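Visitor: I'd like to go over a predicted model; first the sequence, then the structure.
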Amino acid sequence: MTSDNATTATPTEAATPTEAATPTEAGTTTTGTATTATAAGHGIADGAGGDAPLRLVVIIGSTRTGRFSPVAAAWFADEVRKHHGFDVDVVDLQGMDLPDSLDGTADTEALGLRLAAADAFVVVTPEYNHSYPAPLKAAIDHFHAEWLAKPVGFVTYGGMSGGLRAVEHLRGVFAELHAVTVRDTISFYNYPNRFGDDGVPHDAASAGEAAKGMLGQLLWWGRALRDARAVRPYGG
Ligand SMILES: Cc1cc2nc3c(=O)[nH]c(=O)nc-3n(C[C@H](O)[C@H](O)[C@H](O)COP(=O)(O)O)c2cc1C
């Protein structure tokens, strides 16, 4: 593995700034590519029928020129499509009019409908100064009911931290919104060296297994909470 400063051979839209190498925080479960998600017990029955598919909204969490986020999101959305159980809608915040004033716009209305239709979310986010990007916070803050009693998972990337500090901040934000964050996170540390020019991780099998594990958790929570909301609207 190379250092954080490497930006070669990446599928980024442009060269990306990086921070100095930071040791991974003790206690995280990050392995080579991702968390120690196991396929066993993942709950995804490939090729099986079952309940109506869950609507999974994947949010591209960075908006800057030259961002990497769409690459990670496209990889993850492809992983979702390999499995039964989900319909996927990829939301790109770039170019959306989501004012810091939290005033409503045509874009907030349209985005709100897409979020409201979701049974589950996956936020794809980098780490900016040990947290997550400001446009992502604005997108979250514009809405409330749309998040309530729904599961949220994370795909994250960065230097040595793999973006995990952004995820820990987001867990608190989503708890305030009565959303349920799932345990497993897909985390790519030193991410510029982890993806080929085709946008697929070099260790695709391992990353795919990690995705499967997280999707199993989203499926369980998504179905359970969808059923529960249908029986008894969540009152907060
Ligand atoms: C404003 C800013 C702050 C950053 N801070 C961190 C950081 O705290 N930790 C980290 O691992 N990488 C950090 N980076 C490097 C990012 O991981 C890297 O630029 C990544 O490509 C950002 O995601 P994006 O390309 O989707 O915007 C930072 C990048 C930017 C632009």
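Guide: Looks like it came in fine. Numbering: from 1, shown residues only.
Visitor: quick one: low-confidence residue ranges for the chain.
Guide: Applying pLDDT under 70 to the chain flags the ranges 1-50.
Visitor: report all helices and strands that the helix or strand residue 205 falls within contacts.
Guide: Using DSSP states H and E, residue 205 maps to helix 204-231. Here helix 204-231 touches strand 54-60, helix 69-81, strand 86-92, strand 120-126, strand 151-158, strand 180-189, going by 3 or more CB pairs under 8 Å, 6 or more residues apart in numbering; DSSP states H and E. Using the backbone N, CA and C atoms, a C-beta is placed for each residue, glycine as well.
Visitor: the fourth one pairs with which strands?
Guide: Neighbouring strands of strand 120-126 in its sheet, by DSSP bridges, are strand 54-60 (parallel), strand 151-158 (parallel).
Visitor: so what touches the shortest one?
Guide: It refers to strand 54-60. 69-70, 73, 76-77, 80, 85-94, 114-115, 117-124, 136, 139, 218-219, 222-223, 226 (CB atoms under 8 Å, 6 or more residues apart in numbering).
Visitor: filter those down to the buried ones.
Guide: Buried by 16 or more other CB atoms under 10 Å: 69-70, 73, 76-77, 80, 85-86, 88-93, 115, 118-124, 136, 139, 218-219, 222-223, 226, out of the contacts of strand 54-60.
Visitor: can you narrow the contacts of strand 54-60 to ones near the ligand?
Guide: Among the contacts of strand 54-60, the residues lying close to the ligand (CB under 6 Å from any ligand atom) are residue 69.
Visitor: I'd say residue 147 and residue 115 touch.
Guide: Yes - look at residue 147 against residue 115 with CB atoms under 8 Å: they come within range, at 7.2 Å.
Visitor: what do the two both touch?
Guide: Common neighbours of residue 147 and residue 115 (CB under 8 Å, 6+ apart) are residue 121.
Visitor: name the nearest residue to the residue nearest the centre of the chain, sequence neighbours excluded.
Guide: Centrality entry for the chain: nearest residue to the mean C-alpha point is residue 123, 2.7 Å, by CA atoms, centre = their mean. Excluding the flanking residues, the one nearest residue 123 by CB to CB, 6 or more residues apart in numbering is residue 59, at 4.9 Å.
Visitor: which residues touch residue 155?
Guide: Listed by CB under 8 Å, 6+ apart, the contact partners of residue 155 are 72-73, 76, 122-125, 185-187.
Visitor: please report the distance of residue 164 from residue 156.
Guide: 6 Å (CB to CB, to the nearest Å).
Visitor: so for those two, which sits in the more crowded spot?
Guide: Taking other CB atoms under 10 Å, residue 164 and residue 156 do not tie; residue 156 has more neighbours (29 against 24).
Visitor: phi, psi of the nearest residue to that one once chain neighbours are set aside?
Guide: Leaving aside its chain neighbours, residue 156 sits nearest to residue 163 (3.1 Å; criterion: CB to CB, 6+ apart). Main-chain torsions, residue 163, degrees, to the nearest 10: phi 80, psi 10.
Visitor: surely residue 163 is in contact with residue 169?
Guide: No - counting by CB under 8 Å, residue 163 does not reach residue 169; the two are 10.5 Å apart.
Visitor: of the two, who's got more company?
Guide: Using other CB under 10 Å, the more surrounded residue of residue 163 and residue 169 is residue 163, with 29 against 16.
Visitor: list the contacts of the more buried one.
Guide: For residue 163, the contacting residues are 125-127, 156-157, 187-189, by CB under 8 Å, 6+ apart.
Visitor: quick one: which of those residues is most hemmed in?
Guide: Top of the contacts of residue 163 by neighbour count (other CB under 10 Å): residue 156, with 29 neighbours.
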